[in-house]
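Asker: give me the fold of what follows.
(chains A and B)
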Amino acid sequence: MKNPIIGLNKVFESRIRLGVMSILLVNEEVNFNDLKQMLEVTDGNLATHLVNLEENGFIKIHKGFIGKKTNTTYAVTKSGEKAFSDHITALENMIKGVK
Amino acid sequence: MSEQNQPTDSLQDIKDIRRIMERSSRFISLSGLSGVAAGICALAGAFIAYGMLDTYYGSYDSEGFFSGDDFSRLKIKLALLGAGVFTVAFIASFYLTWRKAKKMGQPIWDLTSKRLAWNMLLPLLAGAAFIIGMLRYDIWVFVSPACLIFYGLALVNASKYTLTDIRYLGYCEIVLGLVNMLFIGYGLWFWAIGFGILHIIYGIIMWWKYERK
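Answerer: Numbers count the residues shown, from 1 in each chain, chains lettered A, B, ... in the order given. Got it, this is the predicted structure:
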């Protein structure tokens, strides 16, 4: 029998990283403050997780400007989308496995 | 995280993912009571407008002459009434939705509400400009159908960013507006049904479905 744990992605073990990915999958582009507001986390905490996701190639960062203020937005990459859907499939398989 | 509670955790993870996706893409604090309040305002407005028109046409019939002054005064009164009704309805709806958002612990001005506001406003502003354009040529009969149709389109467009049920209210408004085109001259009645009665029915259904304890 296939091991149900296979497919679970270590990167998404963190609640915040899971949350970021969930938001970015249904919203094309989201900026830092909106992410922070929706996930109810601190600046530093969120920044660390975003760096981690970017290093894994799951999200891309776009630095722009609104007037003179910087506006950094985040979007999911193709490989991020793939990794996340694999992760969800693995989660679903685990739930099915219990029944 | 121990091996035993892995399954429960994956269930929780899936639930969280769904909740976050839902909450980050739609503004769900819209209150049904907002619809009821807007509907009552519209009915009151239509009632006052009916009175104004009645007085105007009443005097026109008895005296048998047309006074340009009276007519322009009526136009201004109707325009002011419309603006007044819109303002009161907007404030009342906003307050009730704000109250619901606060109760749910949700922010009222976030990504989802901004997106909802923009997608709702765009067809409404186009509609308003269109109606003002018609009025410049003194075309009055299409004001009510245009209000209903553009408002319906705004609701259908907005339904992608809030509770999807609002889409059906949008369909009803569009159909009502189109039917109104066949019954020119009964604009006020159609307007009262679309903005008054439909709003109240929709509001009660929404309230029943999502807010009733």
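Asker: residues in contact with stretch B:205-213?
Answerer: By C-beta atoms under 8 Å, 6 or more residues apart in numbering or on different chains, the surrounding residues in contact with stretch B:205-213 are B:30, B:31, B:32, B:33, B:35, B:36, B:100, B:163, B:165. C-beta coordinates here come from the backbone N, C-alpha and C atoms, glycine included.
Asker: quick one: which of the residues you listed is nearest residue B:140?
Answerer: Using C-beta to C-beta, residue B:35 is the member of the contacts of stretch B:205-213 that lies nearest residue B:140, at 27.5 Å.
Asker: what about residue B:205, which helix or strand?
Answerer: Following DSSP states H and E, one finds residue B:205 within helix B:198-206.
Asker: again, but for residue A:17
Answerer: helix A:15-26.
Asker: which other helices and strands does that helix contact?
Answerer: helix A:32-39, helix A:43-55, strand A:59-66, strand A:69-76, helix A:78-98, helix B:6-25 (3 or more C-beta pairs under 8 Å, 6 or more residues apart in numbering or on different chains; DSSP states H and E).
Asker: who wins for neighbours among the contacts of stretch B:205-213?
Answerer: residue B:35 (25 neighbours; other C-beta atoms under 10 Å in any protein chain shown).
Asker: how near is that residue to chain A?
Answerer: Counting by C-beta to the nearest C-beta, to the nearest Å, the separation of residue B:35 from chain A is 26 Å.
Asker: next, count neighbours for the nearest residue to that residue once chain neighbours are set aside.
Answerer: Sequence neighbours aside, residue B:203 is the residue nearest to residue B:35 in space, at 2.8 Å (criterion: C-beta to C-beta, 6 or more residues apart in numbering or on different chains). Using other C-beta under 10 Å, residue B:203 has 23 neighbouring residues.
Asker: gap between residue B:203 and residue B:92?
Answerer: 11 Å (C-beta to C-beta, to the nearest Å).
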